[in-house]
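*Asks:* attaching a predicted model along with its sequence, questions to come.
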Amino acid sequence: MYLILGGGLAGVTAARTLRSLEAVGEIVVLEAETSPYYLRPGLIEVLAGRRTLAEITPFPRVWFEHRRITYRSGATAVALRPERHEVELASGETLAYDRVLLACGAEAARLELPGADLEGVFTLRSAADVERIRTRAGEVSGSAVVGGGWLGIEVARALRDHGLSVALLERGPWILCRQLDQGGAAILAGVLASQGIEVQVGVAPAAIRGKREAEEVVLADGNRIAAGLVVVAAGIRSRVGLAQAAGLTTKQGVVVDDHLATSAPDVFAAGDVAEWAGRVYGIVAAAREQGEAAARNMLAPGSVRYPGTTPSNKLKVAGLDLVCVGDTQPQGGPRRELRHADPAGGRYVKFVLGTEGELHGAILLGTPELTDPVEELARAGVPAEDDLHRLLSSVA
Ligand SMILES: Cc1cc2nc3c(=O)[nH]c(=O)nc-3n(C[C@H](O)[C@H](O)[C@H](O)COP(=O)(O)OP(=O)(O)OC[C@H]3O[C@@H](n4cnc5c(N)ncnc54)[C@H](O)[C@@H]3O)c2cc1C
């Protein structure tokens, strides 16, 4: 029997791949959540009230039945015993497997500070979290979002859609620091301000105060923000507990080799729970690609090598297109930059040039029309300064 622990994207992809290649074997997916399988990125839309959970549920039960995949919702694995090839469920039931896939994903990182466990303080990872946040949003008027990455920004916008005041708090010097430079982030912060979101950078929450429920966030500099609802969007932690207790090698995630095999025989891992080449990706594309490669290796060990996932360089943030090409924030070396900043129009373009005027990197915010020509110039690697000036004046 092929047993899959976790019925998210990695687990379901593995189950479908297994079934497409193996007609007869038994495939069982154990999923802790009680809701049917849904597309996790769609939760932002559900939070904003633009879609329902049903609308982000791609496969009805019958889809699994037709493929003879047993998808058990509300079934939590509590122990993995590789030496006995068995898994124990919270109900006390044990299941024997031939090969097992750990696809139990990650949970949202929590804040370690006074008041972090008050009512009204949430993270966003599951459909149940969305329900809790939506309920609270109907009861309060002020909110704060901790973490100015992509998820934090989108949560802030969703809370604005509920009519709440929103402060977006980022510890670093600017928001979306993995994708944007300071100039681009300032333009994005302006766009968010025009949408009613107050962005504060270089600030760290020191405590959340309230009697039983959150009432305000106290920052390290003593400033206070009235917030009956606080959402923490500060990264993820792979769920390594099961694997750790079973004696598997874990670091940030469950360590896997190029075949998605863990350190224990017949135990594989994929998706947000897995660490490959020192990296937990935490993105859809990696969960899908790893889920598929793991399934192939579960069927025929060592048959498929996972080459790594290239994260997409395109993002939709605050309703704007953001494209990052190549090296956008070079450290050292003789580099020149060309820029165009249009705060009112929410547009920002930066080109990073090499010594010959060749394009090394680009940030394009709010200018999707430049994506194709810029990607082409970056690929070509030839002197391109005149072309780049022309592109800049086309958006100026
Ligand atoms: C709100 C939100 C928006 C996102 N948007 C994007 C986006 O736009 N683009 C992008 O690339 N990525 C996005 N991500 C990240 C993306 O959703 C994840 O990378 C992806 O879902 C990982 O898939 P997974 O199957 O590894 O883990 P998960 O989706 O977390 O699934 C793991 C499943 O395992 C279950 N489980 C855990 N422990 C057990 C157990 N012991 N027994 C049984 N079941 C268990 C969990 O309940 C869960 O359903 C977003 C994430 C969130 C939360």
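*Replies:* Right, received. Where do you want to start?
*Asks:* now the stretch 201-350 of the chain against the ligand: closest residue?
*Replies:* Proximity of the stretch 201-350 of the chain to the ligand (C-beta to the nearest ligand atom) peaks at residue 271, 2.1 Å away. The way it works is simple: take the backbone N, C-alpha and C, and place the C-beta from them, glycine included.
*Asks:* also the stretch 51-200 of the chain?
*Replies:* Closest point on the stretch 51-200 of the chain to the ligand, by C-beta to the nearest ligand atom, is residue 105, at 2.3 Å.
*Asks:* so what's that residue closest to, chain neighbours aside?
*Replies:* residue 272 (4.4 Å; C-beta to C-beta, 6 or more residues apart in numbering).
*Asks:* list the contacts of that neighbour.
*Replies:* Counting by C-beta atoms under 8 Å, 6 or more residues apart in numbering, residue 272 touches 8, 10, 105, 106, 236, 238, 239, 253, 280, 281, 282, 287.
*Asks:* ok, now with 7 Å
*Replies:* With contacts defined as C-beta atoms under 7 Å, 6 or more residues apart in numbering, residue 272 is in contact with 105, 106, 236, 238, 280, 282, 287.
*Asks:* the fourth one is in contact with residue 273, isn't it?
*Replies:* If I follow you right, that is residue 238. Yes - using C-beta atoms under 7 Å, residue 238 makes contact with residue 273 at a distance of 4.8 Å.
*Asks:* of those two, who's got more company?
*Replies:* Neighbours per residue, other C-beta atoms under 10 Å: of residue 238 and residue 273, the larger number sits with residue 273, 30 against 24.
*Asks:* could you measure from that one over to residue 69?
*Replies:* 20 Å (C-beta to C-beta, to the nearest Å).
*Asks:* one more: residue 137?
*Replies:* The value you get for residue 137 to residue 69, if C-beta to C-beta is used, is 36 Å.
*Asks:* likewise residue 160?
*Replies:* Counting by C-beta to C-beta, the gap from residue 160 to residue 69 is 40 Å.
*Asks:* one more: residue 250?
*Replies:* Taken as C-beta to C-beta, the span from residue 250 to residue 69 is 28 Å.
*Asks:* swap in residue 335?
*Replies:* In terms of C-beta to C-beta, residue 335 sits 52 Å off from residue 69.
*Asks:* between the two, tell me which one has more neighbours.
*Replies:* residue 69 (21 against 15).
*Asks:* show the contacting residues for that one.
*Replies:* Contacts of residue 69 (C-beta under 7 Å, 6+ apart): 15, 19, 27, 29.
*Asks:* what about the residue nearest to residue 49 when sequence neighbours are not counted, how many residues nearby?
*Replies:* Among residues not flanking residue 49 along the chain, residue 161 sits closest, at 6.4 Å (C-beta to C-beta, 6+ apart). Look at residue 161: counted by other C-beta under 10 Å, it has 16 neighbours.
*Asks:* next one: residue 243
*Replies:* Residue 243, neighbours per other C-beta under 10 Å, totals 27.
*Asks:* so it versus residue 256, what's the distance?
*Replies:* 10 Å.
*Asks:* any common contacting residues for the two?
*Replies:* residue 262.
*Asks:* quick check: residue 135 is in a helix.
*Replies:* Yes - per DSSP: H, G, I helix; E, B strand; the rest coil, residue 135 lies within a helix segment.
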